[in-house]
Each structure stands twice: as structure tokens, then as C-alpha cells.
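# my questions are about this predicted structure, shown below with the sequence.
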Amino acid sequence: MTDSRHESAADDGVGAGRRRFMIGAAQLAGAAAACQALGPAAVAHADEPPPARPTGKAPGGADKDGGEDAETAPAIEFHGAHQAGILTPHPPFATFAAFDVNVETRRELAHLFKTMTDRNRALTRGLTAGDPEVAALPDPQDDLTVTVGVGASLFDDRFGLRAHKPARLGQMPSFAGDALDPATSHGDLSIQVCARYPDAVLHVIRDLTRETHGALTPRWRMDGFLNPPRPMVGAPRSFLGFKDGIAQPDLSSAHQQNRMLWVGEGMGEPRWALGGSYQVLRIVRFRAEAWDRVPTGLQERIMGRRKGNGAPLGMQRETDLPDYTKDPLGLTIPLDSHIRRANPRTAQTQSSLMLRRSYNYDNGMAPDGTLDIGLVFCCYQQDLVRQFEAVQKRLEGEQLADFTTTTGGGYFFALPGVRNGSDWYGSQLLGRDEPAD
């Protein structure tokens, strides 16, 4: 199975219930001490000194508490051909949420998308929401990003959008070993919020539900965080104890991005969707108690990596690339190990590479007394079938599947970017029905 805990085709080693906002914030705060040492590039710069928590500056650099003016770090750019939060490096905290839309007409849907754009544009720049009851407002130094996606259900008959649905978008199926809970699966809209601090993440969700005035019904939500390695070198760890997200596809060039990540011309997609990307969310619960009873040596053979330093078996460093042609019988890295199944490193499987952006979750204790912990698997790609589902098929029956269960999530299409101050989410899809100001 290819679940949120799984390593992507790029060779990454990797009972969700709806969570109340304040409970989620408290759990994230408990992880903050461990995670605040990670900066905006959580993996690439994990060995840098930990950042100081900003006191919060109003626009123009003035301290919100009336102190002297001070220079603030620039916020991550909201406008562009693609949404922020996809290629943007991982900050330590994130929330993934899905909503159902309550409006009745396409004009009302356009108004909802425009409202969401205005609010997210303001919040990611660090502007105040004008609400004196909210104590913690996002700051430019929070590295805040909000990424909005649409689910297949938005393209039903309610808004006359069926003919405009992204070509590869459908409802996420239940794969072998899944136990999908309808209450924590699918949705009309997905919202991914990432930030350096948990209060900034929480505020965006609060602002969204308040400012949309009942137009959105929360369907499910999962809060995530990164576990920094100790010492602070290399990739963070999942709750399986192994380093997660060690390798990612090379997306440093526009050519590579256009080949693997963004929807483009000539792909049979509607014109409005160009510049977007397909998002997969998988809420994967770990059977932690059973995993902890497995000897470390066997865990390593299941994963294909050393637990201590993350190196592929038989190698020295976590970033070393295995050459499976030198181990055709799997004597060093087993043929059925997670990393080898996820990415066999053949010419035929290179087209299934995808960009992963996953976070750990901790939901406390389940009713049966076991730990409800796991991974919110998130990945972005150009083609769901060619990329995510191809990897998922290769992972079916792997030993790691005995210790994980996917309980929710969904397929979504991350909208193209908001290009400027007069643009808004989905404007090319709904623009002809934009409400008058």
C-alpha cells in the first residue's frame, strides 16, 4: 500500500477523527519545544540555529505592543503562477482540512472563492484580521502559506461545473488494506496551512470559518508537525523511528517541474487548470505498539534503511543512492523492502516520481487504549495514475503494511496560483460569474 507513511517513488523512507480546534492547538503546542528548532527549510537547513519566536510586527515594521520600529522578515510571496505551500520548504507545523460547500449558485461560489483569496492574501502577509478577540495573529516571520484545492465533488450538478472538472480528478478509492472513514475522507475543498508556529496555523482555520459566514462546513481536519532529528542533522523522523523525507525528486528546474508537478498544455486538461497540481492526502495510523515489538534489525530490513542514520542498508549516509543493479537478489536491501518497492530506480519507474510534503500527527489515545499516532501523507504531482497510484500498486503487500492503516484523506486538485492583487482562486473557472463589488 502507498500510504501517507510511505516513501514516495523518490525513495523517501517513511483512526483519524475530526479534531477540535483547541485540542489540536494544545497537542501542537506540546510538540513545539521539539519542533521550533526547524526553520522554513526544515530538512535542508535542519542544522541551523533555532529561530527566535517573533514578537509580532504590524505592517510597516511597528511592534504590535507599541515598541520601537524593527525590520521584519518578508512574508512568503502569495502571488504567482503557482500557489505557495507546494514547492515552499516545510515549516514545522501544518494543518490539513477538508470542507463541504454550502452555497447554492455558481455566483455564490465565486464570491466564496474571492473571500477566501482576500483573507488568505491578508493573513499570509501578516496583516491583522481586525478582530480584537484574537490574541495571536499571523506575522510575516511565520512563513505562513495557505494552499487551496478542489475535490471531485465540487464538479457535480450543483454549480454546472461537471464539464470543467480536471481530467484526472476523482474520488480517492479504497486501496488494499485501507479502512477509510467517510467522516474523515474526501470533501469539496482542501485547505493546507503551513507555518513556523502552531498559533499561526490555527488562526487561519479560525479566520476561514468566521469570514465565510457558514458557506463552508468542516468535514475533517488533521494537525501535523515535524520531529527534528537529534542531533539536528538531516531529515526529521516519523513515529516509526526512521528518518522520513530523505529524498525528493529534483525540481530545481522549470523543466523538471513541468514534467512532474504542474498541469500543462497538451495534457487534455481544461485551460483554467493549467499551473495547478494534483494533491493526495492520506491519514495513515501506525500500529505503534506492534511495531515497537519488532527487533530493530527486522525493522531496518522492512524499511531498507538504517534506523540510526537513515542510510540505505550497506551504505554510509542517508543521502546515498542505492544501486540495485549491484544487488539483484536483494541480499543487502531486500527486494520487498519499502524503499525498493517505492522506487525500484529503473528507467520504467522514473515517471512515477512525486513531491512529498508529509507531517506527523498525534491524536492522543484511541478508545481501546492504543496510541493514535501516524503520518498525514501529502504529495503533489502532474498525474495521479502515473505517479501516486503507480507507487501505491508497487507497495501492495509490503511488510510495512502490517503496521499501518489508512483511515482517511482524499484526492484534490491544487488550484493555479493567484497571479496579482486583482486575481482570485478559481477566477479562470468561475470568472464569468464573478459577483459585482
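Here it is on my side, so go on.
# checking the residue positioned nearest the centre of the chain next. Helix, strand or coil?
Centroid-nearest residue in the chain: residue 378, 4.0 Å away (criterion: Cα atoms, centre = their mean). With DSSP: H, G, I helix; E, B strand; the rest coil as the basis, residue 378 sits in strand.
# does it touch residue 358 like I think?
Yes. Applying Cβ atoms under 8 Å as the test, residue 378 and residue 358 come out as touching, 5.4 Å apart. All C-beta spots, glycine's among them, are computed from the backbone N, C-alpha and C.
# now do the contacts for the residue nearest to the centre of the chain.
Residue 378 sits next to 4, 96, 192, 279-282, 356-359 when contact means Cβ atoms under 8 Å, 6 or more residues apart in numbering.
# distance of the nearest residue to it once chain neighbours are set aside from residue 251?
Nearest residue to residue 378 in three dimensions, chain neighbours excluded: residue 357, at 4.5 Å (Cβ to Cβ, 6 or more residues apart in numbering). Remark: distance between residue 357 and residue 251 (Cβ to Cβ, to the nearest Å) = 12 Å.
# what is the neighbour count of residue 153?
Residue 153 is flanked by 16 other residues according to other Cβ atoms under 10 Å.
# would you mark the buried spots in the longest helix seen in the chain?
In the chain, taking DSSP state H as the definition, the longest helix is helix 106-124. Across helix 106-124, burial judged by 16 or more other Cβ atoms under 10 Å covers 106-117, 119-124.
# returning to what we had before: what bridges to the residue nearest to the centre of the chain?
Beta bridges link residue 378 to residue 281 when assigned by DSSP bridges.
# quick one, strands of the stretch 201-350 of the chain?
Applying DSSP state E, counting those that start in this stretch to the stretch 201-350 of the chain gives strands spanning 216-225, 277-286.
# again, but for the stretch 51-200 of the chain
Taking DSSP E, counting those that start in this stretch as the criterion, the stretch 51-200 of the chain contains strands spanning 93-101, 145-150, 189-195.
# mind putting those strands into CSV with mean pLDDT and distance to residue 352?
Output for the strands of the stretch 51-200 of the chain, formatted as CSV (pLDDT from 0 to 100; distance: least, Cβ to Cβ, whole Å):
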stretch, mean pLDDT, distance to residue 352
strand 93-101, 98, 23
strand 145-150, 98, 21
strand 189-195, 97, 22
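# dump the ones you listed to TSV, plus distance to residue 76.
As requested, the strands of the stretch 51-200 of the chain are exported to TSV (distance: least, Cβ to Cβ, whole Å):
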stretch	distance to residue 76
strand 93-101	14
strand 145-150	6
strand 189-195	9
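# could you export those strands as a markdown table, including mean neighbour count?
Formatted as a markdown table, the strands of the stretch 51-200 of the chain follow (neighbours: other Cβ atoms under 10 Å):
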| stretch | mean neighbour count |
| --- | --- |
| strand 93-101 | 25 |
| strand 145-150 | 26 |
| strand 189-195 | 26 |
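# so which of those strands is nearest residue 336?
strand 93-101 (30.0 Å; Cβ to Cβ).
# hey, C-alpha coordinates of that closest one in PDB?
Below are the C-alpha coordinates for strand 93-101, written out as PDB (Å, rounded to 0.1, in the frame of the first residue of the first chain):
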ATOM      1  CA  PHE A  93       3.600  22.900  11.700                       C
ATOM      2  CA  ALA A  94       0.700  22.200   9.400                       C
ATOM      3  CA  THR A  95      -3.000  21.600   9.300                       C
ATOM      4  CA  PHE A  96      -4.800  19.700   6.500                       C
ATOM      5  CA  ALA A  97      -8.600  20.200   6.400                       C
ATOM      6  CA  ALA A  98     -11.400  19.500   4.100                       C
ATOM      7  CA  PHE A  99     -14.700  21.300   3.800                       C
ATOM      8  CA  ASP A 100     -18.100  20.900   2.100                       C
ATOM      9  CA  VAL A 101     -19.600  23.900   0.300                       C
END
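# which secondary structure elements does it contact?
helix 21-35, strand 189-195, helix 198-211, strand 216-225, strand 359-365, strand 371-381 (3 or more Cβ pairs under 8 Å, 6 or more residues apart in numbering; DSSP states H and E).
# and it with strand 216-225, angle?
Orientation of strand 93-101 against strand 216-225 (axes from the mean of the first three to the mean of the last three Cα atoms, to 10 degrees) gives an angle of 160 degrees.
# okay, now the sheet partners of strand 93-101, with direction.
Under the rule (DSSP bridges), strand 93-101 has strand 189-195 (antiparallel), strand 216-225 (antiparallel) as partners.
# can you add distance to residue 364 and give those back as JSON lines?
As requested, the strands paired with strand 93-101 are arranged in JSON lines below (distance: least, Cβ to Cβ, whole Å):
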{"stretch": "strand 189-195", "distance to residue 364": "21"}
{"stretch": "strand 216-225", "distance to residue 364": "12"}
